[in-house]
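Student: next input, structure requested:
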Amino acid sequence: MARRQPVNALGIAGWLFAELALVLMIVALGSDDHVPAAAQPATSSAAPTPTSSTAAPEGLSLTTKSFIMSVDGSGAGVVDEFRRRLLDEVGPDARVGLILVFGKSRDPSVPTQGTLVSQQLKDLVLPAGLPQLRTMNDMRAYLGSDGAPGDAKVELFLLGGGR
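Tutor: Residues are numbered from 1 along each chain as shown. As a prediction, the model looks like this:
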C-alpha cells in the first residue's frame with residue numbers, strides 16, 4: 001500500500017502566489033498601450049519640430065438617440081421617413097457609428113418575425129447613401145417589442161471625438 005505525502009501548505013501557497021503573479025502580469029501587459037519600436041519617433045538632440053495638435057480619439061458615444069418608425073411591408077416611403085427622423089434626431093452634420101434596429105412582428109401570433117421587420121429596414125436604408133451614415137461601421141437587426149406591429153425602434157450611436 002502506497003503512503004500519501006503530507007500536504008505542504010507552504011508549497012501550495014507558493015504555487016498560488018506564482019499563478020497570481022502570472023495573472024497580474026498578463027493583465028498589466030494587456031492594459032498597456034504598446035507602440036512598436038519602428039512606429040516610435042526617433043529622439044535626436046536637434047531642436048524639436050512643432051507638431052500640429054492631435055485630435056481626440058474617435059469612439060462611439062454611449063448616449064444614444066432613438067426613434068420608433070413604421071416599416072411598411074412594401075417598403076414604400078420607408079427611406080424617406082428614416083431620412084426625416086434621422087435629420088430630426090441628430091441633424092445634418094452628425095456622424096453615426098452604429099445603428100441597432102429592434103423590429104416588432106407584423107403578426108402577433110409569430111413574435112419572432114420582428115427580426116424580419118428589422119432586416120427589411122436595414123436592407124432599405126443601407127443603400128440609400130444618407131450623409132449621416134457615411135461613417136457608420138455597422139447596422140444590426142434584432143427582435144424588439146416597442147411600438148405597433150410592423151414598427152422598428154432605431155437606436156443610433158454617434159461618433160465622438162476625432163475631428
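Student: all contacts plus neighbour counts: C-alpha atoms, from now on.
Tutor: Will do.
Student: list the buried ones in the host helix or strand of Leu116?
Tutor: In the assignment (DSSP states H and E), Leu116 maps to helix 114-125. Neighbour counts over helix 114-125 (16 or more other Cα atoms under 10 Å) mark Gly114, Thr115, Leu116, Val117, Ser118, Gln119, Gln120, Leu121, Lys122, Val125 as buried.
Student: what does stretch 140-159 give?
Tutor: 141-144, 149-159.
Student: which two from these end up farthest apart in space?
Tutor: Using Cα to Cα, those reach their maximum pairwise distance at Pro149 and Leu159, which is 30.8 Å.
Student: sorry, back to before: by contact count, what packs against the helix holding Leu116?
Tutor: If you count contacts as 3 or more Cα pairs under 8 Å, 6 or more residues apart in numbering; DSSP states H and E, helix 114-125 packs onto helix 78-90, strand 96-103, strand 138-143, strand 151-160.
Student: repeat that with 10 Å
Tutor: strand 59-70, helix 78-90, strand 96-103, strand 138-143, strand 151-160 (3 or more Cα pairs under 10 Å, 6 or more residues apart in numbering; DSSP states H and E).
Student: closest one of the buried residues of helix 114-125 to Leu20?
Tutor: Thr115 (44.8 Å).
Student: which residues does the residue positioned nearest the centre of the chain form beta bridges with?
Tutor: Note on the chain: the residue nearest the mean C-alpha position is Leu98, at 6.2 Å, using Cα atoms, centre = their mean. Assessed by DSSP bridges, Leu98 has beta-bridge partners Asp138, Phe157.
Student: shouldn't it be in contact with Gln132?
Tutor: No - assessed by Cα atoms under 10 Å, Leu98 is found out of contact with Gln132, at 11.0 Å.
Student: circling back to that earlier point, need the helices and strands packed on helix 114-125 in a markdown table (columns: mean pLDDT and distance to Glu19).
Tutor: Shown next, in a markdown table, are the helices and strands packed on helix 114-125 (pLDDT from 0 to 100; distance: least, Cα to Cα, whole Å):
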| stretch | mean pLDDT | distance to Glu19 |
| --- | --- | --- |
| strand 59-70 | 87 | 35 |
| helix 78-90 | 92 | 50 |
| strand 96-103 | 92 | 40 |
| strand 138-143 | 90 | 40 |
| strand 151-160 | 90 | 40 |
